[in-house]
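1. Sequence unavailable; structure follows:
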């Protein structure tokens, strides 16, 4: 959510940002906010005037009563009652104006970083750099589910009976590999100075609207029937929510946290949930990175976060590349975002395994996460998040890149201590 003063003082900048995101239908919202904000301020000013009148007349009533001027006192009381009725109507209007302004402000996109390439959708994202040599082996790499089934590591048929498409049973060494990757990711991030956290897996509605746009919420979040609770789609939601309505001192920053959680997503708008694959699913687990910092430090932390993901995948011998997300591919709260994509030998292309985002002060403004400077001035913090690893999608990259010609899967050195010393599975 933007600062209302930015819309008041520089509406054309806000409109140009909307055009860069190819959301021209939202241009009218800027003018509507300006008009509603003007009406609200007029109502506030008039209400203040009426309160002053009530105070003045109330003093007169006391004077009249002291002098025994009963008729004058009663007339003044009637005047106060009429002003109070008018004031009550104004206060209702104030609340209505404020709600209408906020409703529109929540939809107007955040101002993107000047370095973000302008483009309509993810087809216009820009490759930044490649890490590691992508290899296509001489033998055929099977579909990831086929690899898992040969290793007795997945049961989709039973999961379909129990829960439907988009769910799975992981079993045996594949299940152990899944946990090993998460455990390694936890320790990897701890070694980089992040504090390990296991957060709540359900959050209140006001936290949901504080961390994401309404459209994202509708497409992603599962709501608990009869409760003001939603299942998280990523631990970023509850981790940023941890700081709601807080005032941090500058010596408490940066907050660098790494969180484990299961994640639940409706995947509305996805190209269908695969019956056999585990690329788009309703339930998965994830190791996340969260940073809350001073505004001037967020660009540096943004680069550190995505580099952590690159280093993690390279430590498991998986080639990756980074992609700068273009303006049209950025969610409305994001200032800048980079996707990390892993190499798929089977598909002979890269696919997304994580995303790093700088949200500026958008989430902090919605959730009232503020910082108190040494001079006593309060300002909004910046928030960032990044995926360290999200199995089972990561399993696809891992299995394909570590598959041997004889069907075994090699375990990289960094992961062996989490797999009981095994060098191979299968």
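-> Right, received. Where do you want to start? Keep in mind that this is a model prediction, so the values were computed, not measured.
2. tell me the pLDDT at the nearest residue to residue 282 once chain neighbours are set aside?
-> Spatial nearest neighbour of residue 282, chain neighbours left out: residue 166 (4.0 Å); criterion: Cβ to Cβ, 6 or more residues apart in numbering. (Glycine included, C-beta is placed from N, CA and C.) Per-residue confidence for residue 166 comes out at a pLDDT of 88.
3. before we move on, what about the one 3 residues further on?
-> Model confidence at residue 169, expressed as pLDDT, equals 95.
4. for the one 5 residues further on, same thing?
-> For residue 174, the model assigns a pLDDT of 96.
5. circling back to that earlier point, quick one: secondary structure of the residue nearest to residue 282?
-> Following DSSP: H, G, I helix; E, B strand; the rest coil, residue 166 is assigned to coil.
6. Number of residues surrounding it?
-> Summarising burial for residue 166: neighbours were counted as other Cβ atoms under 10 Å, giving 23.
7. and if you look at the one 10 residues further on?
-> Number of residues near residue 176 (other Cβ under 10 Å) recorded here: 17.
8. which secondary structure elements does the longest helix along the chain contact?
-> With residue count as the measure and DSSP state H as the assignment, the chain has helix 27-66 as its longest helix. With contacts taken as 3 or more Cβ pairs under 8 Å, 6 or more residues apart in numbering; DSSP states H and E, helix 27-66 sits against helix 4-9, helix 11-20, helix 70-105.
9. now that helix: mean pLDDT?
-> Per-region confidence: helix 27-66 scores 94 on mean pLDDT.
10. Next, the buried residues of it.
-> Buried positions in helix 27-66, judged by neighbour count with 16 or more other Cβ atoms under 10 Å: 27, 29-30, 33-34, 36-37, 39-40, 43-44, 47, 50, 54, 60-61, 64.
11. ok, now stretch 96-108?
-> By neighbour count, with 16+ other Cβ under 10 Å as the criterion, the buried positions of stretch 96-108 are 97, 100, 101, 104, 105, 106, 107, 108.
12. One more: stretch 351-365?
-> Buried residues in stretch 351-365, counted by 16+ other Cβ under 10 Å: 352-365.
13. Residues contacting stretch 123-136, please?
-> Residues outside stretch 123-136 that contact it (Cβ atoms under 8 Å, 6 or more residues apart in numbering) are 117, 119, 310, 313-314, 317-326, 328-329, 338-339, 343, 345, 348, 350, 401.
14. Centre of the chain to that stretch, how far?
-> Average the C-alpha atoms of stretch 123-136, do the same for its chain, and the two points are 25 Å apart (Cα atoms, centre = their mean, to the nearest Å).
15. Give me the pLDDT value at residue 276.
-> 69.
16. for residue 211, same thing?
-> So, for residue 211, pLDDT stands at 94.
17. wait, isn't it in contact with residue 240?
-> Yes - judged on Cβ atoms under 8 Å, residue 211 makes contact with residue 240 at a distance of 5.1 Å.
18. what touches both of the two?
-> Taking Cβ under 8 Å, 6+ apart as the contact rule, residue 211 and residue 240 both touch 363, 367.
19. And the helices in the stretch 301-426 of the chain, which stretches?
-> Counting by DSSP state H, counting those that start in this stretch, the stretch 301-426 of the chain forms helices over residues 362-367, 393-402, 413-416, given from the N-terminal end onward.
20. same question, the stretch 101-250 of the chain
-> Listed in chain order, the helices of the stretch 101-250 of the chain (DSSP H, counting those that start in this stretch) span 144-150, 156-162, 172-191, 205-211, 214-220, 235-241.
21. Just say which of the ones you listed is most tucked in.
-> Of all those, helix 235-241 has the most neighbours on average by mean count of other Cβ atoms under 10 Å, namely a mean of 26.
22. which strands and helices sit next to that one?
-> Counting contacts by 3+ Cβ pairs under 8 Å, 6+ apart, the secondary-structure elements packed against helix 235-241 are strand 202-203, helix 205-211, strand 255-264, strand 283-293, helix 362-367, strand 382-389.
23. contacts for the fifth one?
-> Identification of contacts with helix 362-367 by Cβ under 8 Å, 6+ apart yields 1-3, 106, 110, 207, 209-211, 240-241, 243-245, 292, 333-335, 369-370, 380-383.
24. Report the mean per-residue pLDDT for it.
-> Helix 362-367 shows a mean pLDDT of 96 in the predicted model.
25. Local confidence estimate at the residue nearest to residue 53 when sequence neighbours are not counted?
-> When the adjacent residues along the chain are set aside, residue 53 lies closest to residue 83, with 5.6 Å between them (Cβ to Cβ, 6+ apart). The predicted local distance difference test score for residue 83 is 94.
26. how near is residue 83 to residue 179?
-> 69 Å (Cβ to Cβ, to the nearest Å).
27. Repeat that for residue 316.
-> The gap separating residue 316 from residue 179 is 15 Å, by Cβ to Cβ.
28. follow-up on the earlier one: let me have the helices of the stretch 101-250 of the chain in CSV, extended by distance to residue 75.
-> Below are the helices of the stretch 101-250 of the chain laid out as CSV (distance: least, Cβ to Cβ, whole Å):
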stretch, distance to residue 75
helix 144-150, 85
helix 156-162, 77
helix 172-191, 73
helix 205-211, 47
helix 214-220, 52
helix 235-241, 54
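29. Compare the mean pLDDT across those and name the weakest.
-> Comparing mean pLDDT across the helices of the stretch 101-250 of the chain, the lowest value falls on helix 214-220: a mean of 78.
30. tell me the contacts of residue 397?
-> For residue 397, counting by Cβ under 8 Å, 6+ apart, the contacting residues are 313, 318, 342, 343, 344, 351, 353.
31. Filter those residues down to the buried ones.
-> Neighbour-count burial (16+ other Cβ under 10 Å) is assigned, among the contacts of residue 397, to 313, 318, 342, 343, 344, 353.
32. Now do the contacts for the closest residue to the last one other than its chain neighbours.
-> Translated: residue 353. Sequence neighbours aside, residue 342 is the residue nearest to residue 353 in space, at 4.5 Å (criterion: Cβ to Cβ, 6+ apart). With contacts taken as Cβ under 8 Å, 6+ apart, residue 342 has the following neighbours: 313, 318, 319, 320, 350, 351, 353, 394, 396, 397, 401.
33. so which one among those has the lowest pLDDT?
-> Within those, residue 394 has the lowest pLDDT, namely 91.
34. how near is the closest residue to it other than its chain neighbours to residue 336?
-> The spatially closest residue to residue 394, leaving aside those adjacent along the chain, is residue 353, at 5.7 Å (Cβ to Cβ, 6+ apart). The span separating residue 353 from residue 336 equals 19 Å under the rule Cβ to Cβ.
35. Thank you, goodbye.
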